[in-house]
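Participant: Provided below for reference: sequence and predicted model.
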There are 2 protein chains.
Amino acid sequence: MALPVFPRPIIQNDADVGDAMYFGAEQPLDLDSGQQLTRWTVAYKTYGTLNETRSNAILICHALTGDQFVASRHPITGKPGWWEIMIGPGKPIDTDRFFVICSNVIGGCMGSSGPAEIDPATGQPYGLKFPLITVRDMVRAQSHLIGRLGIDRLLCVLGGSLGGMQALQWAASYPERVVAAMPIACAARYSAQNIAFNEVARQAILADPDWKDGKYYLYGVQPGKGLSVARMAAHITYLSESALQRKFGRRFQSPDGLSFAFQPDFQVESYLHHQGSVFIDRFDANSYLYISRATDYFDLAADYDGKLAEAFRGSRTRFCIIAFSSDWLFPPVENKRIAHALNAAACRVSYVEIESDKGHDAFLLDEPEMFDAVRGFLGSVATQEGVA
Amino acid sequence: MALPVFPRPIIQNDADVGDAMYFGAEQPLDLDSGQQLTRWTVAYKTYGTLNETRSNAILICHALTGDQFVASRHPITGKPGWWEIMIGPGKPIDTDRFFVICSNVIGGCMGSSGPAEIDPATGQPYGLKFPLITVRDMVRAQSHLIGRLGIDRLLCVLGGSLGGMQALQWAASYPERVVAAMPIACAARYSAQNIAFNEVARQAILADPDWKDGKYYLYGVQPGKGLSVARMAAHITYLSESALQRKFGRRFQSPDGLSFAFQPDFQVESYLHHQGSVFIDRFDANSYLYISRATDYFDLAADYDGKLAEAFRGSRTRFCIIAFSSDWLFPPVENKRIAHALNAAACRVSYVEIESDKGHDAFLLDEPEMFDAVRGFLGSVATQEGVA
């Protein structure tokens, strides 16, 4: 019996994804797994105007569950871009001055090639037939996009969390194409604890009977319960203990207090439920598996015989590393390790550690010190490069 | 169609649970929810010999997933008791000198009344018809057991994690019956982050279709996948980041390195899978819901108008609080808060903070400083009470 095909459970309309760049067999994407994509797509958004010398381009890399809608309304949720606080006219990343590019990572679910997209070889969604990808693959795909856009050198590559890792990988893979890099709230490798949390999230998805070996697209269902649990678990790691205490403490959901029943008695529970339920409307479960696996695999030093400094040896890229004091997913010590390696490689690096109780999420929030650091660093780099 | 009844999916044989004390309508268990158990059971184990003056009894309270097999082989897993390193002849809690009691908490699944047990009113397993319970209910049930054993005063009540909370509750509820209390690696209340992790675990269980609204006993199944995810998530919180890094780091499961497939590539993943799979053989999913909910509800100060010191005002109980430096589930600051409250209530209290990188789990492991503290404190209390 032929099952109905439900490709792209998240995206209903191609126009939703913004711009898209298609690549064919003439420009295959070589992957670290040894596999190759011969027909592939990168969906992206741009903000501002590329100047005549093509010297004012800034690439923003998104985090695990982010997308290209960094500074414009999200087509599914209707919410503002995830970094509108950072990017726009007059903002720290000033679109009156810079040309900002943000692309959906390979493996993602907002229009770039990924497990929810149609495999051109079969006409059906890839599911688990999509090859595993790495952070280096994501960056390699972006490098093709940047080339296609006619940009030789990026003035800056920056991002937080997985976005910061991509910025590091850009600087390591294509030093001559990156004038400056700002890895924020990240690490040069995923720790055992990071991997452990990822694995819990993945197991929650795999345990959902609607996951159906990754072929749920064909059945018109999605493993929403599992994906929701995955999101809830991950979300705890984005906030500091003190932020959770400040925002919610032990406050009750109802003025009647404890219900003595299994329902959300505490505001923190309702908050997590909300995070889980809005997430499943905009994200693909298989993409979560793929992208989280890419982060697990990230260990930049491993590509250089365990010597992180060698990843940057001889690089003329300028770096600014930003860490947040209460980030326990990528604690300051991990960010500092990057700065130390850059020092050891005689690179130009600033390290900014910002006091904040907001945890890992701080990079997405109103953190004036971060805005000052970004504005200052970009201004300095732009002046150096003669960008008006 | 009558479905087959599979009561007690965990315990196959009543003899397995050790001793059991049955209570009837003449001694109902009043619960904080306002409900009452009129036919109820406490399963327990004892070690050592009660002396003639009944003055050498020590009550051990177990943690969320513990049981009465504190110092003897577990009937299901065949493993040694969970605190044999602490309890036995000549050990810090010396069974040549002390009479040690450990009972399965109300709501548990090793023979005490709980959701997996038969509801005498229906002849079927309670499931979610079992009333919600609190830490105070657990302690109230233990107080009936201790009374039935003919013991007026406990020389010491001690335990780690939820066991430590029970020790605190004992001291607050029955100060005249507790000579000394040792709460280890715990807090006087569950934090927002603690509740959040519990809720993720519960949602993982509820998302499992084999949970069947808590009636899985009737179908001969159990929500093993959900319970396993719950255990994995919780397990991360029991270890410190540095302990995970030391034990596993990014070490691969196979000498071939990365598989570029969704299988456990990292040793930390295999470890978590193992923790999940052995857990579901010995624990009941509904018990996990009930006991974790009881911990969420724990906020000792709330019973005293928010003033923790008032919980202990006028008490002559001696306290020794033990915290571990790398415990991020119940960090030292939370343990210290208890000590401060006891100081404010003019109680006798020692506070011991042990440097360890083992995280919350340290209380179950080989921590010589903890053994010294327990041995020293119990020795002092025993001498004070004239216990030979």
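Facilitator: Yep, it's here.
Participant: ok, now how distant is the spatially most central residue of chain A from A:V135?
Facilitator: Closest to where the C-alpha atoms of chain A average out (CA atoms, centre = their mean) is A:A63, at 1.7 Å. Look at A:A63 and A:V135: by CB to CB, to the nearest Å, they are 12 Å apart. The way it works is simple: take the backbone N, C-alpha and C, and place the C-beta from them, glycine included.
Participant: CA atoms of stretch A:58-68 as CSV?
Facilitator: As requested, the backbone C-alpha atoms of stretch A:58-68 are provided in CSV (Å, rounded to 0.1, in the frame of the first residue of the first chain):
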residue,chain,number,x,y,z
ILE,A,58,29.2,39.4,8.3
LEU,A,59,28.1,35.8,8.7
ILE,A,60,25.9,35.0,11.6
CYS,A,61,25.9,31.3,12.6
HIS,A,62,22.9,29.9,14.4
ALA,A,63,22.7,27.6,17.4
LEU,A,64,21.2,24.1,17.6
THR,A,65,17.6,25.1,17.2
GLY,A,66,18.1,28.4,15.5
ASP,A,67,17.6,29.3,11.8
GLN,A,68,18.2,32.0,9.2
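Participant: Once you drop chain neighbours, what's closest to the residue nearest to the centre of chain A?
Facilitator: Closest residue to A:A63 apart from its sequence neighbours, by CB to CB, 6 or more residues apart in numbering or on different chains: A:S161 at 3.9 Å.
Participant: likewise A:Y219?
Facilitator: Leaving out its chain neighbours, the residue that sits closest to A:Y219 by CB to CB, 6+ apart is A:K212, at 5.9 Å.
Participant: Leaving aside the residues adjacent along the chain, what's closest to A:T95?
Facilitator: Leaving out its chain neighbours, the residue that sits closest to A:T95 by CB to CB, 6+ apart is A:G48, at 3.6 Å.
Participant: one step back: so the residue nearest to the centre of chain A sits right up against A:L158, yeah?
Facilitator: No. The pair A:A63 / A:L158 is not scored as a contact, 11.9 Å apart, by CB atoms under 8 Å.
Participant: returning to that earlier point: name all residues that make contact with the residue nearest to A:T95.
Facilitator: A:56, A:95-100 (CB atoms under 8 Å, 6 or more residues apart in numbering or on different chains).
Participant: Mind doing that once more with 10 Å?
Facilitator: For A:G48, the contact set (CB atoms under 10 Å, 6 or more residues apart in numbering or on different chains) comprises A:56-58, A:71, A:87-89, A:93-101.
Participant: just A:Q68 next, same as before
Facilitator: A:Q68 makes contacts with A:17-20, A:42-46, A:60, A:62, A:74, A:81-82, A:101-105, A:108, A:110-112, as judged by CB under 10 Å, 6+ apart.
Participant: switch to 6 Å and redo it
Facilitator: The contact partners of A:Q68, by CB atoms under 6 Å, 6 or more residues apart in numbering or on different chains, come to A:18, A:43-45, A:102-104.
Participant: Point out where chain A drops to low pLDDT.
Facilitator: A:1-15 (pLDDT under 70).
Participant: so where do the strands sit in it?
Facilitator: A:19-23, A:29-30, A:36-37, A:40-47, A:57-61, A:87-88, A:93-94, A:99-103, A:118-119, A:124-125, A:156-160, A:180-184, A:318-324, A:348-354 (DSSP state E).
Participant: mind listing what the last one pairs with, with the direction of each?
Facilitator: Neighbouring strands of strand A:348-354 in its sheet, by DSSP bridges, are strand A:318-324 (parallel).
Participant: Next, the buried residues of the partner strand.
Facilitator: Neighbour counts using 16 or more other CB atoms under 10 Å in any protein chain shown place A:318-324 of strand A:318-324 among the buried residues.
Participant: show me where chain A has helices.
Facilitator: Remark: helices assigned in chain A by DSSP state H are A:135-148, A:162-173, A:192-206, A:224-238, A:241-247, A:267-280, A:285-297, A:332-344, A:368-384.
Participant: just to revisit the earlier point, list buried members of the contacts of A:Q68 by neighbour count.
Facilitator: Buried, going by 16+ other CB under 10 Å: A:18, A:43-45, A:102-104, out of the contacts of A:Q68.
Participant: Going by distance to A:S240, which of those wins?
Facilitator: Taking CB to CB as the measure, A:S240 lies nearest A:C102 of the buried ones among the contacts of A:Q68, at 26.7 Å.
Participant: ok, so what distance separates the closest one from chain B?
Facilitator: Noted for A:C102: a distance of 27 Å to chain B, by CB to the nearest CB, to the nearest Å.
Participant: Next up, the contacts around that residue.
Facilitator: So A:C102 contacts A:45, A:60, A:68, A:70 (CB under 6 Å, 6+ apart).
Participant: and if we set it to 10 Å?
Facilitator: Neighbour list for A:C102: A:18, A:43-47, A:58-62, A:66-72, A:81-83, A:87, A:142, A:159, A:163 [criterion: CB under 10 Å, 6+ apart].
Participant: For the residue nearest to A:Y219, give its distance to A:N286.
Facilitator: Using CB to CB, one gets 11 Å for the distance from A:K212 to A:N286.
Participant: before we move on, what about A:I93?
Facilitator: Computed as CB to CB, the A:I93 to A:N286 distance reads 31 Å.
Participant: Those two - which one has more neighbours?
Facilitator: Ranked by neighbour count (other CB atoms under 10 Å in any protein chain shown), A:I93 and A:N286 place A:N286 first, with 29 against 24.
Participant: How about the more buried one: what's its closest non-neighbour residue?
Facilitator: The nearest residue in space to A:N286 (CB to CB, 6+ apart) is A:P115, at 3.7 Å.
Participant: cool, and A:V135?
Facilitator: Spatial nearest neighbour of A:V135, chain neighbours left out: A:F298 (4.7 Å); criterion: CB to CB, 6+ apart.
Participant: That neighbour and A:A172 touch, don't they?
Facilitator: No. The pair A:F298 / A:A172 is not scored as a contact, 11.4 Å apart, by CB atoms under 10 Å.
Participant: Now for the two: what residues contact both?
Facilitator: Contacts common to A:F298 and A:A172, judged by CB under 10 Å, 6+ apart, are A:136, A:188.
Participant: Quickly list the domain ranges of chain A.
Facilitator: Domain assignment for chain A by automatic domain parsing gives A:14-189+A:303-382, A:195-291.
Participant: Now do the contacts for A:V17.
Facilitator: By CB under 10 Å, 6+ apart, the contact set of A:V17 is A:8, A:10-11, A:41, A:43-45, A:67-69, A:75, A:104, A:108-112.
Participant: Quick check on the closest residue to it other than its chain neighbours: phi, psi?
Facilitator: Leaving aside its sequence neighbours, A:V17 sits nearest to A:G111 (CB to CB, 6+ apart; 3.0 Å). Backbone torsions of A:G111, given as degrees, to the nearest 10, read phi 110, psi -20.
Participant: hang on, isn't A:G111 packed against A:I118?
Facilitator: No. Under the criterion of CB under 10 Å, A:G111 makes no contact with A:I118, lying 11.9 Å away.
Participant: count of residues packed around the residue of the stretch 51-200 of chain A found nearest chain B?
Facilitator: Residue nearest to chain B within the stretch 51-200 of chain A (CB to the nearest CB): A:A192, separated by 3.9 Å. Number of residues near A:A192 (other CB under 10 Å) recorded here: 24.
Participant: ok, now how distant is the closest residue to it other than its chain neighbours from B:T49?
Facilitator: Spatially, and ignoring its direct neighbours in sequence, A:A192 is nearest to B:L244 (3.9 Å; CB to CB, 6+ apart). B:L244 is 42 Å from B:T49, where distance means CB to CB.
Participant: what's the answer for A:V221, then?
Facilitator: 61 Å.
Participant: what about stretch A:171-185 and chain B, touching?
Facilitator: No. For stretch A:171-185, no contact with chain B is found by CB under 10 Å from any CB of the partner chain; the gap never falls below 15.8 Å.
Participant: on that earlier part again, now the strands of chain A in a markdown table, with distance to A:E199?
Facilitator: Formatted as a markdown table, these follow (distance: least, CB to CB, whole Å):
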| stretch | distance to A:E199 |
| --- | --- |
| strand A:19-23 | 32 |
| strand A:29-30 | 27 |
| strand A:36-37 | 26 |
| strand A:40-47 | 28 |
| strand A:57-61 | 24 |
| strand A:87-88 | 33 |
| strand A:93-94 | 34 |
| strand A:99-103 | 27 |
| strand A:118-119 | 26 |
| strand A:124-125 | 24 |
| strand A:156-160 | 22 |
| strand A:180-184 | 24 |
| strand A:318-324 | 25 |
| strand A:348-354 | 29 |
